[in-house]
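Asker: From the sequence below, what's the structure:
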Amino acid sequence: MNTFNKIKVIITFLTILMTITTYGQSNSFKVTLDAGHGAHDFGAVYSGHVEKNIALAIVLKVGKMLEAYPKVDVNYTRKTDVFIDLVERANIANRDNASIFVSIHCNANKNTSAAGTETYVMGMNKIASNLEAAKKENSVITLEKDYKRKYEGFDPNSPETMIGMKLMQEEYLENSISLASKVEDEFEKLGKIIRGGGVKQAPFMVLHKAYMPRILIETGFISNPKEGALLDSESGQMEVAKAITNAIMRYKNEYYGSGGEAETVKVAPKPAEKPVAVSNSVQNTIDSIKSKPAATQSNSDAVFKVQINAISKKLPLVPKNFKGLDNISVDYENKLYKYMYGKTSDYNEAKKLLSEAKSKGYQYAFITAFVGGKKVSVQDAIK
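Answerer: All right, here's what the predicted structure looks like:
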């Protein structure tokens, strides 16, 4: 074999090797773990319990547990006591093309009896306590250099201004709520150790800039003497880390299969190059995003429903149990009863059902889709 042919063989071999490697990577479930705060940003500090240290300790434990599973790749925004800008934390996940982004924090309150976990998804919820939680975490940007230019149009003391930054709040919302629900479900299982406080929505900057299903976990109140001591202990951190790991793996198995191959592949949208002007009316801007005209989307093989709740308790399917809504169906999956409102093959009609459910108080309701009785992504059902 002459030299030219040898080179061709080597190049062919390398090409095949790169293809195999790329294919193997694409089949991996990628998790970006974010330990809140760091370095000069201590986060909440109560009775010697420091949020930045506890968050990092839990993240490292979760990461180690996840790395023991096949076809699960773990990426970290920080593994040491360093300060990372909020937008950079999200960008780390974006560059790694992460399947999910999980930001881990600790809660605190002047009321030292406050206790329990909270898991947030990205949204513009106006509940005062949720906005206060976002305000606390978003205030970190004031420690960043040139933050006024970097976060043009955003006031950390007024989270509502985020709506003017070309918000992609509905993108990945269904998957984010699913992941958050699993986290809170696992916390509930801990029982007396630490109780789950529920899934909530709030405008967190670190979630806003991440373009994949993403959640922010407040693992408990370090201001609470009992909970603070638990979260600052090795055993407590292990229990919390196990709960988070179990939730992530349940999500992975549901959406990506137990073998690691993704059943649904979504292409993350490109970040906006420049924020748009802040609207005078936050609610009007939200409504304008939701009411953008769409092409008539109907598929006789696809069925759209609106999931209004997912709980461990089985309820009779009568209107009085669902704030007056009728036409309720239920699926039992992963030890949860998932209650759904309505049924239609028209996506535009499904959006009307969603609005009706939210008007009844189901603020975390979302559209879900089925083809041939099998659950699929809404995007695939529309196609």
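
Asker: Now do the strands in the stretch 151-300 of the chain.
Answerer: 199-202, 214-221 (DSSP state E, counting those that start in this stretch).

Asker: Put together JSON lines for those, with mean pLDDT on each row.
Answerer: Below are these laid out as JSON lines (pLDDT from 0 to 100):
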{"stretch": "strand 199-202", "mean pLDDT": "81"}
{"stretch": "strand 214-221", "mean pLDDT": "93"}
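
Asker: Tell me which of the ones you listed sits nearest to residue 91.
Answerer: strand 214-221 (12.7 Å; C-beta to C-beta). Where C-beta positions appear, they are placed from N, C-alpha and C, glycine not excepted.

Asker: I'd like to know which elements the closest one is packed against.
Answerer: helix 51-67, strand 100-107, strand 118-122, helix 173-189, helix 205-208, helix 225-231, helix 234-256 (3 or more C-beta pairs under 8 Å, 6 or more residues apart in numbering; DSSP states H and E).

Asker: report the angle between the axes of it and strand 100-107?
Answerer: 20 degrees (axes from the mean of the first three to the mean of the last three C-alpha atoms, to 10 degrees).

Asker: Quick check: next helix or strand after the lowest-mean-pLDDT helix or strand in the chain?
Answerer: None of the helices or strands of the chain scores lower by mean pLDDT, DSSP states H and E than helix 282-290, at a mean of 38. Sequence-wise, the next helix or strand downstream of helix 282-290 (DSSP states H and E) is strand 302-311.

Asker: so what strands line up beside that next one?
Answerer: strand 336-344 (antiparallel), strand 366-371 (antiparallel) (DSSP bridges).

Asker: before we move on, back to that, out of the helices and strands packed on strand 214-221, name the one with the poorest average pLDDT.
Answerer: Per-stretch mean pLDDT for the helices and strands packed on strand 214-221 is lowest at helix 205-208 (a mean of 78).

Asker: what's the helix or strand for residue 93?
Answerer: Counting by DSSP H and E, residue 93 is part of helix 86-95.

Asker: Quick check: mean pLDDT of that helix?
Answerer: pLDDT averaged over helix 86-95 gives 89.

Asker: Show me what counts as buried in it.
Answerer: Neighbour counts over helix 86-95 (16 or more other C-beta atoms under 10 Å) mark 86-94 as buried.

Asker: Kindly report the same for stretch 183-201.
Answerer: So stretch 183-201, judged by 16+ other C-beta under 10 Å, has buried residues 183-188, 190, 194-201.

Asker: From one end of that stretch to the other, what's the distance?
Answerer: Stretch 183-201 has an end-to-end distance of 15 Å (C-alpha to C-alpha, to the nearest Å).

Asker: Please consider this matter closed, and thank you.
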